[in-house]
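J.: next one to model:
(chains A and B)
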Amino acid sequence: MTTSFSLALPGGQTLGHIGRRLGGLGLALLLPAAMLYLWQLAATHEWVTPLLLPAPAMVLQALVDLHDSGELWEHLGISLGRVGWGYLAGVVLGLVLGAAMGLSKTVEAYLMPSFKAVSLVPVLGWLPLFIMLIGIEEGLKVLIIAKAVIVPVTINTVKGIRNIAPGHFEVARIYRFSPLQTLTRLIVPSALPSLATGLRLGLANAWMALVAVELLAASEGVGFLMVHSRQLFQLDMVMASMVVIGVTGWVLDRILQSIEQRLLAWRVTAY
Amino acid sequence: MSSTSTLSLQGLRKTYHVEGQALPVLDDINLDIAPGEFVSIVGSSGCGKSTLLRLLIGLESSFDGRILLDGQPVAGTGLERGIVFQDHRLFPWLSVEQNIGLALENSPHSPREKAAAIAEHIALVGLEGFETAYPHQLSGGMSQRVAIARGLVNRPRILLLDEPFGALDALTRANLQQELQRIWQQEKITMVIVTHDVDEAVLLGDRVVVMEPRPGRIKRIVPVAVPHPRSRSDARLARIRDDILRDFAQAEVPRLAEHPVEPRFEDYAFAW
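T.: Below you'll find the model as predicted:
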């Protein structure tokens, strides 16, 4: 499973040996552990002033404080609410748009070039215009997140539908499927793997767009917590916010991944 | 005449239009198929034999002439006609029994009758114990057995087979040919098989329709008066095969391939 490379360590061991002993998880934790060690080393020897690089223990303490004061959950709740609404809007619009373009060449001919042009302007590129148009209230966050979600959901929906084997459509015709039967028995299950990819990419995009928009225009949320702490020069809080953002993003992806695995059981067993 | 035949083709013509040019694929096909008969259609590539089957199943709709099933003109696809393609076309996200059940989506039977029909046809093709297997777990031969069960589960008046064993290895093919012979005798169903394998055509068919290409025409119809079940080592079959093979002996005139007229996605996007 792991290719051993012969970097000799004290005691005649190689990194490959250690990796095998620890298993896959141990291997994955090796780099973070080394980084953490280096960080601790830098903090104790004050290679960088503690004002700029707080020790790991301080960051952990900041996390505990955030949890104890309830601030963490307040900000996280607000952020997740924004992601929830923006994601919902983006997924619904993306699925409808993707299905329309996937099923009809005419609709695609009308919409695809404009869609591509819009999607090529990154989320943050829309921010100044949107702020001018709708201000910096909740609507802005939801709109920005929805925009970030629509693009991958739409593209993967179109792709999923286009990749359905023509022969399968013939089977549907031979057994006289109605349009509804063709949709539920053929198109949706056949496009599902691609849809799932779009939904996961969309969620990752949503989370990144949220943090970006909260950094730039917000008065609550984890992104705001981070930028606000930086203004107060509380670097431990900044790094604690980073941890929260990273872990939350990872958890969200894991949730979608487990749903995907359940829905696509026929496919997972193929490998 | 047509009242006694299951399937009757009268003056059938089909022309494709490629880049503004008329390309005749089938020209004046006349054929009557009796109830319970097994007819093989054999020809080299480009003779329109697959197109003929697509017309019979109803996937192609524009043609000249008449296609009568039990005296009624066919229009579009219908559950009274079943088909097995060379690629099994099973849905990979459905199990064996669910795939067979697809054919019964629009049949008027009750769920219990459907379940019974599915179980019966799984037994017919010898796949008991694989009801809940998925297509990726099946070999090519097993997949084709599922496709045959799916084609038969509606108890169609006629089963069409489009080079059903063309993608299988020789041993599996020989095995499935015997199986098909057994199923045909057991079910007493009219079958039409299209193949480029003369051995297969002679082994299975009561009559072998030999086609010639450009445009596709019937060259001659060879009766195979050997009772079923047949053995592939039968000397009478060998003589008929050699006779038919002489039709294909002339060296083919070299020419560039025509545009393959394959269905594209757009053909289905609005078809339903």
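
J.: residues of the stretch 1-150 of chain A that sit close to chain B?
T.: Residues of the stretch 1-150 of chain A lying close to chain B (Cβ under 8 Å from any Cβ of the partner chain) are A:103-105. Where C-beta positions appear, they are placed from N, C-alpha and C, glycine not excepted.

J.: count of neighbours near residue 117?
T.: Just so you know, I chose chain A. Applying other Cβ atoms under 10 Å in any protein chain shown, we find 9 residues neighbouring residue A:117.

J.: right idea, wrong chain: chain B
T.: Residues lying near residue B:117 (other Cβ under 10 Å) number 21.

J.: in contact with it, which residues?
T.: Contacts for residue B:117 (Cβ atoms under 8 Å, 6 or more residues apart in numbering or on different chains) come out as B:104, B:109, B:153, B:155.

J.: which of those ranks first by neighbour count?
T.: That'd be residue B:153 among those, by other Cβ under 10 Å, with 23 neighbours.

J.: and whichever residue of the stretch 51-200 of chain A sits closest to chain B, what pLDDT?
T.: Minimum separation of the stretch 51-200 of chain A from chain B (Cβ to the nearest Cβ) falls at residue A:169, amounting to 4.0 Å. Predicted confidence (pLDDT) at residue A:169: the value is 93.

J.: thinking it is in contact with residue A:185, fair?
T.: No - counting by Cβ atoms under 8 Å, residue A:169 does not reach residue A:185; the two are 11.3 Å apart.

J.: what about the residue of the stretch 51-200 of chain A closest to chain B, distance to residue B:242?
T.: Distance, residue A:169 to residue B:242, using Cβ to Cβ, to the nearest Å: 42 Å.

J.: tell me which of the two has more neighbours.
T.: Set side by side, residue A:169 and residue B:242 give different neighbour counts by other Cβ under 10 Å, the larger being at residue A:169 (23 against 11).

J.: still on that earlier bit, neighbour-wise, which of the residues of the stretch 1-150 of chain A next to chain B leads?
T.: Compared across the residues of the stretch 1-150 of chain A next to chain B, residue A:103 has the highest neighbour count, 22 neighbours, by other Cβ under 10 Å.

J.: residue ranges of the helices in the stretch 51-200 of chain B, please?
T.: Applying DSSP state H, counting those that start in this stretch to the stretch 51-200 of chain B gives helices spanning B:96-102, B:111-124, B:140-152, B:170-187, B:198-204.

J.: can you pull the buried residues of the longest one?
T.: Think helix B:170-187. Buried residues in helix B:170-187, counting neighbours by 16 or more other Cβ atoms under 10 Å in any protein chain shown, are found at B:172-174, B:176-177, B:179-181, B:183-184.

J.: now these in a markdown table, with distance to residue A:28 and pLDDT?
T.: Output for those, formatted as a markdown table (distance: Cβ to Cβ, whole Å; pLDDT from 0 to 100):
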| residue | distance to residue A:28 | pLDDT |
| --- | --- | --- |
| B:172 | 45 | 89 |
| B:173 | 49 | 89 |
| B:174 | 52 | 89 |
| B:176 | 49 | 90 |
| B:177 | 54 | 91 |
| B:179 | 51 | 88 |
| B:180 | 54 | 91 |
| B:181 | 58 | 91 |
| B:183 | 54 | 89 |
| B:184 | 59 | 91 |
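
J.: and the nearest residue to residue B:133 once chain neighbours are set aside, how close does it get to residue B:36?
T.: Excluding the flanking residues, the one nearest residue B:133 by Cβ to Cβ, 6 or more residues apart in numbering or on different chains is residue B:96, at 5.3 Å. Noted for residue B:96: a distance of 28 Å to residue B:36, by Cβ to Cβ.

J.: what do you get for residue B:210?
T.: With distances taken as Cβ to Cβ, residue B:210 is found 22 Å from residue B:36.

J.: hang on, the earlier thing: give me the angle between the helix or strand where the residue of the stretch 51-200 of chain A closest to chain B lies and helix B:140-152.
T.: Residue A:169 belongs to helix A:166-174 when assigned by DSSP states H and E. Computed with axes from the mean of the first three to the mean of the last three Cα atoms, to 10 degrees, the direction of helix A:166-174 lies at 20 degrees from that of helix B:140-152.

J.: how about helix A:166-174 as PDB, C-alpha atoms only?
T.: C-alpha atoms of helix A:166-174 as PDB (Å, rounded to 0.1, in the frame of the first residue of the first chain):
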ATOM      1  CA  PRO A 166     -28.300   6.600 -25.900                       C
ATOM      2  CA  GLY A 167     -29.000   2.900 -25.800                       C
ATOM      3  CA  HIS A 168     -30.600   3.300 -22.400                       C
ATOM      4  CA  PHE A 169     -33.000   5.900 -23.900                       C
ATOM      5  CA  GLU A 170     -33.900   3.300 -26.500                       C
ATOM      6  CA  VAL A 171     -34.700   0.800 -23.800                       C
ATOM      7  CA  ALA A 172     -37.000   3.400 -22.200                       C
ATOM      8  CA  ARG A 173     -38.700   3.900 -25.600                       C
ATOM      9  CA  ILE A 174     -39.000   0.200 -26.200                       C
END
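
J.: list the buried residues for it?
T.: If you call a residue buried by 16+ other Cβ under 10 Å, then helix A:166-174 has these buried ones: A:168-174.

J.: and after that helix, which helix or strand comes next?
T.: Going down the chain from helix A:166-174, the next helix or strand is helix A:179-181, by DSSP H and E.

J.: any bit of that next one sitting next to chain B?
T.: Yes - using Cβ under 8 Å from any Cβ, we find that helix A:179-181 touches chain B at A:179, A:181.

J.: may I see the buried residues of that helix?
T.: For helix A:179-181, a neighbour-count test (16+ other Cβ under 10 Å) marks residue A:181 as buried.

J.: so which elements touch it?
T.: Using 3 or more Cβ pairs under 8 Å, 6 or more residues apart in numbering or on different chains; DSSP states H and E, no helix or strand is in contact with helix A:179-181.

J.: rounded mean pLDDT for that helix, please.
T.: What helix A:179-181 shows for mean pLDDT is 92.

J.: just stretch B:42-55 next, same as before
T.: Mean pLDDT, stretch B:42-55: 86.

J.: show me which of residue B:210 and residue B:36 is the more surrounded one.
T.: More crowded of residue B:210 and residue B:36, by other Cβ under 10 Å: residue B:210, with 21 against 14.

J.: hang on, the more buried one in a strand?
T.: Yes - counting by DSSP: H, G, I helix; E, B strand; the rest coil, residue B:210 is found in a strand.

J.: which residue is the nearest non-sequential neighbour of it?
T.: In space, and not counting its chain neighbours, residue B:210 is closest to residue B:219: 4.6 Å by Cβ to Cβ, 6+ apart.

J.: what count of nearby residues applies to that neighbour?
T.: Neighbourhood size, residue B:219 [other Cβ under 10 Å]: 16.
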